[in-house]
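Novice: Okay, here's the prediction I keep looking at, along with the sequence it came from:
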Amino acid sequence: NAGVMQNPRHLVRRRGQEARLRCSPMKGHSHVYWYRQLPEEGLKFMVYLQKENIIDESGMPKERFSAEFPKEGPSILRIQQVVRGDSAAYFCASSPQDRSGNTIYFGEGSWLTVV
Amino acid sequence: GDSVTQMEGPVTLSEEAFLTINCTYTATGYPSLFWYVQYPGEGLQLLLKATKADDKGSNKGFEATYRKETTSFHLEKGSVQVSDSAVYFCALVSGGSYIPTFGRGTSLIVHP
């Protein structure tokens, strides 16, 4: 499968635990985006990364959330000390290069439920 | 800043009816425009795109024309099927930007 791969697809965490969501971009893609989709709402941009570099994190909450895209391995979105309001679908997308107007391609999403 | 406004859903149609989902935008420069579709429990799939004024994107019977004068990119299909039931998102990327801005999505329900 050459598409954007996200795992886990579904994750349940208790309040206060940590959630780690992984994303492997499409083959040949060097840029990754993370979006959050809350129930009955649209997609909200969180962060835009290339390998070893955060390009734009203007949509990331200031606390508890972090993202990385290391030289080797998938991109990781990490949520520390989760709260009920973090329950959402988290989508990763990738694009081939840092070029304005590029089409981005989405993964299937990771559904986080905080109990 | 950039923004995308879509018509509120759900849009409920009978099979073979004509579909229009309105999308208007506010952006700097000359944006690229996109429609994505999301089926239940899945991620977003690119449906069609247009990169300059008067371009028409089309795919799977869906069409949308980039109208600069009305800042619109309405999605149309002549005859919908039950399998078209999904949420449709309009999106843009401004000239010089790398980050798509999405509308809130419009749910389409097609009855047999």
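Specialist: Arrived safely, thanks for sending. Here the structure is a predicted model, which means the values were calculated and not measured. Numbering: from 1, shown residues only, chains lettered A, B, ... in the order given.
Novice: Please give the element, helix or strand, for the residue nearest the centre of chain A.
Specialist: Nearest to the geometric centre of chain A sits A:Trp34, at 3.5 Å (CA atoms, centre = their mean). Here A:Trp34 sits within strand A:31-37, counting by DSSP states H and E.
Novice: tell me how far that strand is from the chain's mean position?
Specialist: Relative to its chain's centre, strand A:31-37 lies at 5 Å (CA atoms, centre = their mean, to the nearest Å).
Novice: Following the chain past it, name the next helix or strand.
Specialist: Using DSSP H and E, the first helix or strand after strand A:31-37 is strand A:43-50.
Novice: Contact distance from chain A - what residues of chain B qualify?
Specialist: Within chain B, the positions adjacent to chain A are B:31-32, B:34, B:36, B:42-46, B:49, B:51, B:89, B:93-105 by CB under 8 Å from any CB of the partner chain. Bear in mind the C-beta positions are built from the backbone N, C-alpha and C, glycine included.
Novice: which of those residues count as buried?
Specialist: Taking 16 or more other CB atoms under 10 Å in any protein chain shown as the criterion, what is buried in those is B:31-32, B:34, B:36, B:43-44, B:46, B:49, B:51, B:89, B:93-94, B:97-105.
Novice: Out of these, which sit inside strands?
Specialist: In this view, these that belong to strands under DSSP state E are B:32, B:34, B:36, B:44, B:46, B:49, B:89, B:93, B:101-102.
Novice: so B:Gln6 touches B:Asn22, yeah?
Specialist: Yes - B:Gln6 lies in contact with B:Asn22 (CB atoms under 8 Å); the separation is 6.8 Å.
Novice: Neighbour count: the two, which is higher?
Specialist: B:Gln6 (23 against 16; other CB atoms under 10 Å in any protein chain shown).
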